[in-house]
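Trainee: Provide a 3D model corresponding to the input given below.
(one chain, ligands or ions: 1)
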Amino acid sequence: MAKKSVFDFYDMKRRGEKITFLTAYDFPMAVFEEQEGIDMILVGDSVGMVVYGYPGTIPVTMEQMIYHAEAVRRGASNVFLIGDMPFLSYQKSIEDAVANAGRFYKEAGVDAIKLEGGKRVIPQIRAIVDSGMVVMGHIGLTPQSSAQLGGFKPQGNTAEAAITLLDDAKAVEEAGAALLLVEGVPPETGKIITEALRIPVIGIGAGPYCDGQVLIVSDMIGLFEVFTPKFVKKYANVAGVIREALREWSIEVREGKFPTPEHCYKMKAGEAEKLDEMLKRYLGNTTNT
Ligand code: KIV
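Mentor: Prediction:
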């Protein structure tokens with residue numbers, strides 16, 4: 001299947017066809033997602049929590065993001081890939097924002113970058129788009145500014161807050177963003193934003209009316225257990241499968257049941273007998289001295 005472009009996503013929005021979008025952080029998961037026909041992959045700064053064990057996304061660096069984006073690109077060369085701009089890679093200056101977005105393109109071969117914020121990041125969005133790159137905006141619950149939001153709390157849950165978010169969404173679209181992610185808002189807010197925008201709106205915890213859905217893959221496969229947001233549905237219990245495999249392996253090792261001959265290399269024909277003879281001579285010599 002040919003790699004989708006933003007134009008395919010516009011067509012999908014027009015046709016009412018839902019867009020599937022998942023995070024990935026490494027080669028094997030990228031391979032699985034490409035094999036299963038996922039439309040877009042995000043190398044999210046959620047890597048900080050689900051791979052590095054940080055309490056949030058703030059410590060994540062550009063180096064870490066590039067490293068994971070390169071691995072994901074190797075696993076999914078045919079999927080629309082988005083690199084997530086980590087904290088302080090775009091907030092300090094427009095020059096920084098363009099340079100760091102460019103690093104994702106040059107070093108990891110992404111198709112777009114994502115950055116958090118509404119009106120306050122409009123100059124950065126404009127500059128990145130003017131440099132020829134594709135931008136996905138991210139509004140609502142924006143984890144990099146969760147301290148200002150009072151934690152990982154739902155947003156846009158009053159009529160006034162919903163209109164403020166709609167205003168942000170329109171500003172992001174007008175600045176040239178080609179895609180928008182909306183996180184942690186009631187379905188009503190997700191709906192008005194999706195209907196008001198020409199560009200595809202992907203939701204995470206934003207209800208069923210968005211043009212597409214994204215989840216953190218480690219949450220939806222049941223791998224990451226530190227905390228699970230309300231909006232996550234677990235489609236598998238991978239942590240349980242892993243724990244079971246580790247338990248079984250350690251029991252078999254302790255009981256001498258692993259490895260069995262099928263997991264052992266064979267000596268060449270006649271060499272085992274020869275080894276016995278040589279060993280006898282060797283041990284005879286060493287005990288004499
Ligand atoms: O970093 C991330 O994984 C995200 C999610 C909200 C999709 O931005």
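
Trainee: Give the full set of residues in contact with the nearest residue to residue 6 once chain neighbours are set aside.
Mentor: Leaving aside its sequence neighbours, residue 6 sits nearest to residue 178 (CB to CB, 6 or more residues apart in numbering; 4.6 Å). Bear in mind the C-beta positions are built from the backbone N, C-alpha and C, glycine included. Contact analysis of residue 178 by CB atoms under 8 Å, 6 or more residues apart in numbering lists 6, 9, 112, 134, 135, 136, 199.

Trainee: Just the closest of those residues to residue 258, please.
Mentor: Set against residue 258, the nearest of those by CB to CB is residue 112 (45.8 Å).

Trainee: So for the residue nearest to residue 6, what's the pLDDT?
Mentor: Looking at residue 178, its pLDDT is 98.

Trainee: So which of the contacts of residue 178 are in helices?
Mentor: Using DSSP state H, the members of the contacts of residue 178 that fall in helices are 6, 9.

Trainee: follow-up on the earlier one: phi first, then psi, for the residue nearest to residue 6.
Mentor: The phi/psi pair for residue 178 (degrees, to the nearest 10) reads phi -100, psi -20.

Trainee: for residue 84, same thing?
Mentor: According to degrees, to the nearest 10, residue 84 has phi -90, psi 120.

Trainee: what's the burial count for the closest residue to residue 258 other than its chain neighbours?
Mentor: Leaving aside its sequence neighbours, residue 258 sits nearest to residue 252 (CB to CB, 6+ apart; 3.9 Å). Neighbour count of residue 252, defined by other CB atoms under 10 Å: 13.

Trainee: from the chain's centre, how far out does the strand or helix carrying residue 252 sit?
Mentor: With the criterion set as DSSP states H and E, the secondary-structure element containing residue 252 is helix 238-254. A distance of 26 Å separates the centroid of the chain from that of helix 238-254, by CA atoms, centre = their mean, to the nearest Å.

Trainee: Please apply the same query to stretch 129-142.
Mentor: On the basis of CA atoms, centre = their mean, stretch 129-142 is displaced by 16 Å from the centre of the chain it belongs to.

Trainee: just the contacts of residue 178 that are near the ligand?
Mentor: Taking CB under 6 Å from any ligand atom as the test, the ligand is in contact with none of the contacts of residue 178.

Trainee: what two of the contacts of residue 178 are the furthest from one another?
Mentor: 9 and 135 (13.3 Å).

Trainee: now the one residue in the stretch 1-150 of the chain that gets nearest to the ligand, nearest residue through space, not along the chain?
Mentor: Of all residues in the stretch 1-150 of the chain, residue 44 sits closest to the ligand, with a separation of 2.2 Å (CB to the nearest ligand atom). Spatial nearest neighbour of residue 44, chain neighbours left out: residue 23 (4.3 Å); criterion: CB to CB, 6+ apart.

Trainee: For that neighbour, give the beta-bridge partners.
Mentor: Counting by DSSP bridges, residue 23 forms beta bridges with residue 42.
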